[in-house]
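**Student:** Can you look at this prediction? I've put the sequence above it.
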Amino acid sequence: MSRIFLLFCAGAFMLSGCDRTNQRYDKAYFDFDSLINVQVAGLLRAQAAISKKSMLNGKQDESSFVPDSLKLAYELEVFRQLDIINKPLYRNVYEIKDGEQDTKSNLLIRSYTAKAPSLVQIVRFYYHSSMQDIRKIESVFHEENTLYDTKRNLLMEFEDSIHSSLLKGYQLSGTQKMIMNDTVNFSVNVSFSSGKH
């Protein structure tokens, strides 16, 4: 099951065109690449272990392991796709609202909402007093063309750490419909636990 799921995810990432080689552009909105790099480094320092529950069309799988840097980077690669909002194509496309109070917590919300069609229509950041203290990121990635239609609901949750917010877990769920194939439903729920006591 794990092998099947990994192959599915790898295929989905490739179809989404996430070849990031030599991509350089100003980060007009939020630097997701830097966020992921910082989280990978922080989780490696914490010797974090991964507990993962995954589901593919109703078939469930669970695993636990301590990742090396390559595996950890792979685990978080899907969130780098959100960096697409910074591409020159989307400059001035997103409306920014900041400082809204979350009705379910004591957190503030900064949201980026696309005013034109985009692979990422909205991203919400939940934070304490400043964006340096992010506690949650929510977004939806939706790509549709003649070959496939894929939608991913993305959630990252952070906890307070010594120097910055550290990722404590993430959720990924959605559907993928390939041409001439049935719709595939999937979900991944991951939690990180520090190996340092």
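**Tutor:** Received it, and whenever you're ready, just let me know what you need. Numbering: from 1, shown residues only.
**Student:** Break down the protein into its strands, ranges please.
**Tutor:** 49-56, 59-65, 94-101, 108-114, 120-127, 134-144, 148-160, 165-178, 183-193 (DSSP state E).
**Student:** pretty sure S69 is in contact with L44, am I right?
**Tutor:** Yes. Between S69 and L44 a contact is recorded at 5.9 Å, counting by Cβ atoms under 8 Å. (C-beta placed from N, C-alpha, C; glycine too.)
**Student:** With mean neighbour count and distance to V78 as extra columns, can I get the strands of the chain in TSV?
**Tutor:** Formatted as TSV, those follow (neighbours: other Cβ atoms under 10 Å; distance: least, Cβ to Cβ, whole Å):
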stretch	mean neighbour count	distance to V78
strand 49-56	17	13
strand 59-65	11	17
strand 94-101	12	20
strand 108-114	18	18
strand 120-127	19	12
strand 134-144	18	8
strand 148-160	17	7
strand 165-178	18	6
strand 183-193	16	9
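**Student:** With distance to Q81 and mean pLDDT added, can I get those strands in CSV?
**Tutor:** Shown next, in CSV, are these (distance: least, Cβ to Cβ, whole Å; pLDDT from 0 to 100):
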stretch, distance to Q81, mean pLDDT
strand 49-56, 18, 96
strand 59-65, 23, 96
strand 94-101, 16, 96
strand 108-114, 15, 97
strand 120-127, 8, 97
strand 134-144, 6, 95
strand 148-160, 8, 94
strand 165-178, 11, 94
strand 183-193, 14, 95
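**Student:** what about those, which gets the closest to A28?
**Tutor:** strand 94-101 (8.3 Å; Cβ to Cβ).
**Student:** Describe which strands the closest one pairs with in its sheet and in which direction.
**Tutor:** Strand 94-101 sits in its sheet next to strand 108-114 (antiparallel), going by DSSP bridges.
**Student:** Let me see the contact set for the residue nearest the centre of the chain.
**Tutor:** Nearest to the mean C-alpha position of the chain, by Cα atoms, centre = their mean, lies F79 at 2.9 Å. Residues near F79 by Cβ atoms under 8 Å, 6 or more residues apart in numbering: F32, L35, I36, I137, L154, M156, Y170.
**Student:** what do you get if the cut-off is 7 Å, keeping everything else the same?
**Tutor:** Contact analysis of F79 by Cβ atoms under 7 Å, 6 or more residues apart in numbering lists F32, I36, L154, M156.
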